[in-house]
Each structure stands twice: as structure tokens, then as C-alpha cells.
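In: Give me a model of this one.
(2 chains)
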Amino acid sequence: MEILVCARRVPDTSENEIHLNDAGNDIERDDLVYSINEADNYAVEEALQIVSRVGGSVSVVTVGSEEDEEILRREMAMGASHGVLLSDDAFAGSDGRGIAAVLKAFVQKGHYDLILTGVQAEDGGAQVGGMLAAMLDYPFASLVTAIEVRDNGKLKVSREIEGGNKEISEIDLPCVLSIQTGINEPRYVGMRGIRQVASVPIPKFGSADLGADAGLVGEASAKVKRVDYFVPALGKGAEILQGSREENIAKLIELVAAKGGLN
Amino acid sequence: MEGMQSPADVMFGLVPGRLVFLLLHVLGVTCFAYIVARRLTPLVHAQKDLRWDRPWVRCGKVLKFWLGQWRHPRYPLAGTIHILVFSGFLLLATRAFSVLIEGVANGFVMPGLSGQTGHIYNIITDCASTVVFACMVVAIVRRLVFRPARYEVPARYGKGHKADAVFLLALIAILMVADSLFEAARAAAQTRTGLPEHFALFSLPWLFSAGLASTSLVTLSKIYGAAYLLHELTFYFLLCYRPFGIQFHVETSLFTVFFAKLDRGTVKPVRWGIAEDKLEQVKSFGVKTFEDFTWKHMLDFYSCADCGRCSDNCPANAVGRPLSPRFLTNKAREYAFQHYPMFGRPGNGKALVGELYSEDEVWSCTTCGACEEECPLLVEYIDKVVELRRGLIDDGNVPQSLQKPLKALESRGNPYGKLEKKKADWTTVREFQENCKVRIVDAKNGADTLYFVDSITSFDDRMQSIGRATARILKRTGSNFGILGAAERDSGHEVRRFGEETLFQALREHNSDAIKASGVKRIVTSDPHAYNALKHDYKGMPPVEHISEVIAQAVKSGKIQLQPITNGGVYTYHDPCYLGRHNQIYDGPREVLDAIPGLKRVEMSRCRDRSFCCGGGGLMLFYEPKEDERMGVKRVQMAAEAGANVIVTACPFCMTNIEDAIKVAGLEGKMTAIDLAELVDRQMVSESSRQA
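Out: Next up, the predicted model:
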């Protein structure tokens, strides 16, 4: 099975302190460290596991700049066979629809049976997967927590629905799935693995190579624009239970139950 | 020899003893040689291990740990039994050899052992065989009746080894009896012809010869021949059977001790003989299949005598983690026996983790070193665990709980993912800064001393207090010191011990460059893990001291004077593994405590080189082990049993674990923990009152 995973490089929320810039319209990016979007990493792991079961190969693609190559290399160190960078000045400032349009153009240049995205980017809005499927006229399932390849050219997928329940569906290939975190346990990528793929060339495709719909791509075409950032004010501190162990346990159960945590 | 012919001349039916025994010798020796050759096969397929360096140091180890049985008395009863049996065997070796030759050479006497010397030697061996026999009886009774807990085999590790152990002990007892009976029969016959024979009083041969005093010469002759045959058969059976079980150590221990690891606190290189900057050539890191172990590590598997001392002292085993060093070795030995059989082709190397070992087993070790400190044969464990982890890391097989901190170490240089520029924030607390300004050193602003703070002390709110205490102590001792600040990355101590060698080397390279650029002449650290890393894992560093060493020296020289304890309390010192066992610093911290007037100090039953790990440092704080209880909880309970209510330690990770454990154990308000640096900082007589 030929699988394409669409990935994105984002500021790592666990290793950064996010502050607004002085203008208030973006975050302070000087001291940020970036990594692959967490859900995308799960998607790559899932793709690798599928390939190890049924054969095929995994490609990882991202829309961005040279800096974004680092996540492609990380995923290649993880086991992906190819990394592809889609980069062009014309792509800058695209909204979700624009990114989906670029990806659509790339997908149509190859032959992929399955396209995976993370459920959402940590700095995004879970838009691209669905839009990409629509543009390709592929079936789409979101929030996928399990994938089983069936013999009839279809997949059986589980989707997370409210309350921890799961919906099991059958979906035709080719299709687009957005992968929920927790679907698997992504393997570790060490520095040694990354060094080993450090010199593997990463193909780069621009606007002209892809022939993406210029009317959808780029800042001028974007119909969704970021106008502001809001950071919630710090609330009051945590409530600390002060009593004997038994009292605390009783109080805690009461509090959790009151918030609907115990059914 | 008159009275009784030599065993060579005894007739077994129509066959003379000479022929029987010659056949036995050839058969026995050939079998043994074949078995040993088969046992050595995996060692030939193993990884390299350079163990021929410093031969004199190695000979010293042999004298101390092998011949001197140095570690045996740590378990007084078992140790005494072993020392007696071991010395008995050494004394009996010559005799055994000469008795064997007697079977084919009529009247053979070992050169140098004729006449008076021989007589004295005989008296000694009479005693030796008797003592060994008695020890076997005691050992069998111990195994069968008293059944010390450390010999038991938990169900998850398979069948018990009691039957095999008792069988082997019994064989040795039989060997002693046969030898003595043979000797007694000969003597009893000789006395008939008027030749006097002297045995050590109450020795086995003495008893037997007394019992045979009225036996007829014909019967004596039969007993004599039968005893000799029994001795021969038992001897060769034992020789050939030992390589199939725990008694192989009789043959291998000398080599295991000679080739033992010499450098404490270090970790085995990824591949012996391949320089660190050439590691890219190495296709696979660590141990994935059995053949990835080095030959020395395989020799360790053979040499383990299954005495259970390692696991008896292992904190992971004590709290029910799925790790027992004894079975790490046992399982590998069984694997070797199974896959390198006596007949047929060796089996192919399958992945060890997942089959022989579980992942949790491999991650459960805190590398505290209690097992290695205890092993009478100096069997290594930490390197093997690290090697197995390297293999897992290389395959991307890392627990999710460890992936985030490892990733953060890669991108931010600390496991918490904190910003580099905040590394020196602990120095900017106002009351502290007013009295003790801490400089940042770099190529332009040098200092004599570098305080290497490391991640936890820099970023953890509670541990920052240890950092400030250390800084004030350094100031008081008159050091011109500074810190690296944002340029300091994690020392990487646990990164290396968790098997992420490449990341460790990157961290080390960064720190080494920063330290060298600063031009400092010495390094001080308050964290034993960083101390061990800088001292043993880094190269070309200026001298490294732990703050407890600095304090001990300053107290001795009078630079630091300590005021009396006024609020009472009973103190106990918890030895951090990487200060104590791995670096042998036991006395300094205790001397400092004893220098505080009025301080009452008690020792926990497990202290010094038997200190009980608090739960491990560095990345171990992120790992979620499967365990019944926390090591720290066990440790604070030990402190409570010793009657202490203040635990003094000298490591920020110990502090984390112990303070957590005090809460978990429900001892809050009854027990506190304090770092040695904090205690000294609190008790230091202020500069002004000293001048007054």
C-alpha cells in the first residue's frame, strides 16, 4: 500500500513558553524550538505499521520552507521511505484551503492508496484533511483511532465519538483519514537515526512543478486571515485539599462526580 | 607400597585397574575438553572486549577477590562456608591430581611431597576433606531445611534450582568420602603389616580407618578398589557436569575475576576498538541478539554461581519491579545452553528483548550498582543493561514516558524542555543575589572554579535551594567561581545510561567546549550524577569535585565553622549511589555531619556500599515503572527504623525521591530531608560573627 502522510512543523508546546509579541498579532518566535506536529507523528507511525503488515511504502510531505526539512528527516529516520517538501514563495500566507490545494496538486502527481493527516495541527484548526479529501473527491474519516486493511480493497476504521465510544466504519480506498493521537505508540527517533538520513536528498516542488490552483493558494487568495491572538488571563490557583487522607479522598470523589467525571 | 597394592594393580574382574583408570582418564579429560570447547563457541561469535590492559592490576584483583575471597564475608554464614570449601579445594587440588596418577602409575608420589613434607601435607588434606565434607552437609541442610529466601526462584523466573544445587553438593560430599575411604582402607591394611599411619584426629580418614580396624585384608582390598573407582567416577562426573550448571564457576571464576571491569563509574563503549568519532560505521548499536554481548559478558553468564546476593541487594527487585539481576544472568545462561547445544549447530540469534527479557525489565534498573558491589565474582550488570537499552533505542523502542524528555534534551539541552536562557534564573532571587552574586563564565569572563549546576538544580524550584546553598558555600571557601548559565546543557549522565549514546555525545561535546572555553581550573558540582559524568564520561576536563568534598576539606581546614544544632533531631546520612558506590565517597559527608556540634547521627542498616537506591535520578524520574511500592518509601522506612527523623543526602535526585517518599509513606511532619549543602549552609557560622 502506498501511503502519503501530510505533516507539519509546529512550535513544540512542551518545550516552549508561548508569549504574545508586542503587536499582539502573533507569538514571540525568537526562542522557539519546533518539532513535528504530534498528531502527524502518530499518523506516520500508523502508516509504518500498516506497511509492515501489508507491504508498500510511506512518503511524508509538508508544505513549508527549507527549515521544515528537519521534520521530514525525523520521519525518514523513523522509517518513512521518502520525504517531500512543497515550497514556494507563492504558497506563503495560504489558509487551510490553500494548503489543501497545494497538497491536492501533489497527490494528483502520484499514486497513493491512502492519505493520512494528523487530526489537527497544534497551531491549526483541523481543516486540511477534510478539505483535501473533498478536493480530491475521496472519502474521508476523521478522528481515526484504529485502521485495519481488509482484503476487499477497503479499510475498517474506528473513529472516536463523544463519551469515549467508538464508531466502526468501512471506507473505500483511496481515502483520506485524519489520525487521532493515541492510535499507537510512536517509535523513538534518536539523534543517530537523524544523522543517518542527514544527507539523503529531499525533493522540493514549487508552484510551477505542481500546477496548484493559483486562485486558492497564497496570501491574496486566503479567505481566512488571522487578526488577533488571545491568551487567557491566569486563573486562580489550584484548589488544595487540606484534610486527612480519607477526607481528601471523599472530597475528591465528590468534586470529580460534580463535574461529571464519574458515571 | 607394602600391605596394599596401588589402585593400578587392583583387578576389576580380569581387567587390571591400570587399564580401567587409563580409560577413565582419557574418557573424562576428552569429554571435559569437548564440553568446554562447546561452551566457548558463543564466546568466539561474541563482540570484542578489550580486557588485557593493566595485567598487574588484574592480578591484584585475582589475589583479592578470587584467592582472597574478599567479598564472601559480607554474607557471614554462606561466606564462611564458601571460604572453607574454596580453601579446601585449593589444598586438595594437588592431592586429587596425584591420586589420579596413582591409578595408572604404581606407587606414584607427587615430587616434593615425599617424606616429612608429604606427611604434613597428608595431615592437612585429611583436615581439608573433612572440613569440605562438613560444609557440604551444612550447605545441604541449609538448602533443604532453612531455605534462605535469596535462593528461592519466583514463579515468573521458572523452576527452582534446589535439586540441582543439592545434587552438586552431594557429589562433592561423595568425593570427599570416597577419597577418605580410599586413604583409610590403605592405612588400615598398612597397620596390619606393622607400618604406622597417622591421620589428623577426628578427620574423615581417621574415622574410617578406626572403623576398618578389624576388617579382613581381603575386604579391605575390595573397599580400597571400590573407593578409588568411586572417587574417579565422581571426580570426572563432576568435572563434566559442572559446565551444565552453576558450578561451572569453579573453572571460570579465575578468568572472570582476572578480566573484570577495572574502572568504576564508567560505561562500556558502544564497540570496543572503534573510536567514538567512527561510530557511524557501526551498523547496529547495543545488544539485540545474544551474540551482541561481548565474550566477557558471556563468561559472566557462565560464572554466576546463582548465590542470589545481587538480587538480594537490588532495589528494583525489592520493590517488585520486573528486574532481578540474578535472572538477567540466569536467563542468558539458559539461552546460551539452549542455543549453543553440546551436539548440532548453534541456533540463530533471535531478538533478546521480547523473548528472553521484557522491555520493563530492561528499563527498571536505576544503575545504582548494588548488585555489582555485592557479587563475589565481580560479574557486571550495568553495562549489560545499558547495552540492552542501546539496542532498544536503536530500534526506536523507547517508553512513551521517556520520549518527551529525550526529545527535550535534544532540542533544549534539558529534560524539562525549559528555555536555555532561564538556566541561571535560580541565581536572581533577590535576597540571595544581594549576598551572593553568581557570575556567568565564558571565554571572556573566566573564573578559577566552575560550578556545574546541571538541569534539575537549575530548573526545579525545590532543588534551586541546593544550588544557592552550594554557591554560598563556594563563596565562603573563597572560591572565585561562576556558572555556565545558558551555555550549560544537561551533563547527559542518565542519557548515556539509558542507552542514548549519540545524544549523550552531543551533550558532552557541547559542555566540553563550553568548559574548555571558560578556562576554569576546577569544576565543582552538587549533583553526584553530573559529578560522575564529568569525572568518568567526559575527557580532558579539569579536576572535578563534589561539593561534599569541598565542604569536608573546608571544615577540616577551619574555613567553614559550624554552629551547634539547637533543635534536636536524629540525623542519618543516605549515601547517593553515584557518590558512594560509584565514587567511593563515604566518609567525607559523615565527617562533616559529625563536625556539627550536638548533631546526633545514626546509621541505617543499609548504608555506605550497601546503600539502598532512592529510586534513581535523571531520566528515571520520568520513567513509569511497574512496581509494588517506591524505592524511596522503603528507604525512608529504613531511616525511621534506624530511629532517624532527618535524612541528609547529597544529591538533588535523592532529595526529590526522598521528599516524595516521605509524603507517600505518611511520615510528613515526622521526617524531613535536607541536602548536605543546605545543612552546612544553615549551620555555617557567619563571617561577621567569626571575626567578632
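In: Is A:Ala141 within a helix or a strand, and which one?
Out: In this assignment (DSSP states H and E), A:Ala141 forms part of strand A:140-149.
In: and that strand, what's its mean pLDDT?
Out: Throughout strand A:140-149, pLDDT has a mean value of 95.
In: number of nearby residues for B:Pro543?
Out: Counted with other C-beta atoms under 10 Å in any protein chain shown, the neighbours of B:Pro543 add up to 10. All C-beta atoms are positioned from the backbone trio N, CA, C, and that covers glycine.
In: Tell me who's in contact with the nearest residue to it once chain neighbours are set aside.
Out: Leaving aside its sequence neighbours, B:Pro543 sits nearest to B:Arg522 (C-beta to C-beta, 6 or more residues apart in numbering or on different chains; 5.0 Å). By C-beta atoms under 8 Å, 6 or more residues apart in numbering or on different chains, the contact set of B:Arg522 is B:Asp448, B:Thr449, B:Leu450, B:Pro542, B:Pro543, B:Val544, B:Glu545.
In: Return the subset of the residues you listed lying in strands.
Out: Counting by DSSP state E, those place B:Thr449, B:Leu450, B:Val544, B:Glu545 in strands.
In: pLDDT added to those residues, as JSON lines?
Out: As requested, the ones in strands among the contacts of B:Arg522 are exported to JSON lines (pLDDT from 0 to 100):
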{"residue": "B:Thr449", "pLDDT": "96"}
{"residue": "B:Leu450", "pLDDT": "97"}
{"residue": "B:Val544", "pLDDT": "98"}
{"residue": "B:Glu545", "pLDDT": "97"}
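In: near chain A, from the residues you listed?
Out: By C-beta under 8 Å from any C-beta of the partner chain, no member of the ones in strands among the contacts of B:Arg522 lies near chain A.
In: quick one: which helix or strand includes B:Gln403?
Out: For B:Gln403, the element it lies in under DSSP H and E is helix B:400-412.
In: mean confidence for that helix?
Out: Helix B:400-412 comes out with an average pLDDT of 94.
In: Determine how far it lies from the middle of the whole chain.
Out: 31 Å (C-alpha atoms, centre = their mean, to the nearest Å).
In: Please tabulate the ones in strands among the contacts of B:Arg522 in TSV, including the columns neighbour count.
Out: Formatted as TSV, the ones in strands among the contacts of B:Arg522 follow (neighbours: other C-beta atoms under 10 Å in any protein chain shown):
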residue	neighbour count
B:Thr449	21
B:Leu450	28
B:Val544	21
B:Glu545	19
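In: For A:Val119, state which of those residues is nearest.
Out: Nearest to A:Val119 out of the ones in strands among the contacts of B:Arg522 is B:Leu450 (C-beta to C-beta; 46.6 Å).
In: mind listing what that closest one touches?
Out: With contact taken as C-beta under 8 Å, 6+ apart, B:Leu450 is in contact with B:Val441, B:Phe481, B:Gly482, B:Ile483, B:Leu484, B:Ile515, B:Ser518, B:Val520, B:Arg522, B:Ile523, B:Val524, B:Pro542.
In: quick one, phi/psi of the residue nearest to B:Pro543?
Out: For B:Arg522, the backbone dihedrals (degrees, to the nearest 10) come out as phi -150, psi 160.
In: and it, bridged to which residues?
Out: Judged by DSSP bridges, the bridge partners of B:Arg522 are B:Thr449.
In: for B:Ser253, what are its contacts?
Out: Contacts for B:Ser253 were tallied using C-beta under 8 Å, 6+ apart; they are B:Trp66, B:Ser303, B:Ala305, B:Leu377.
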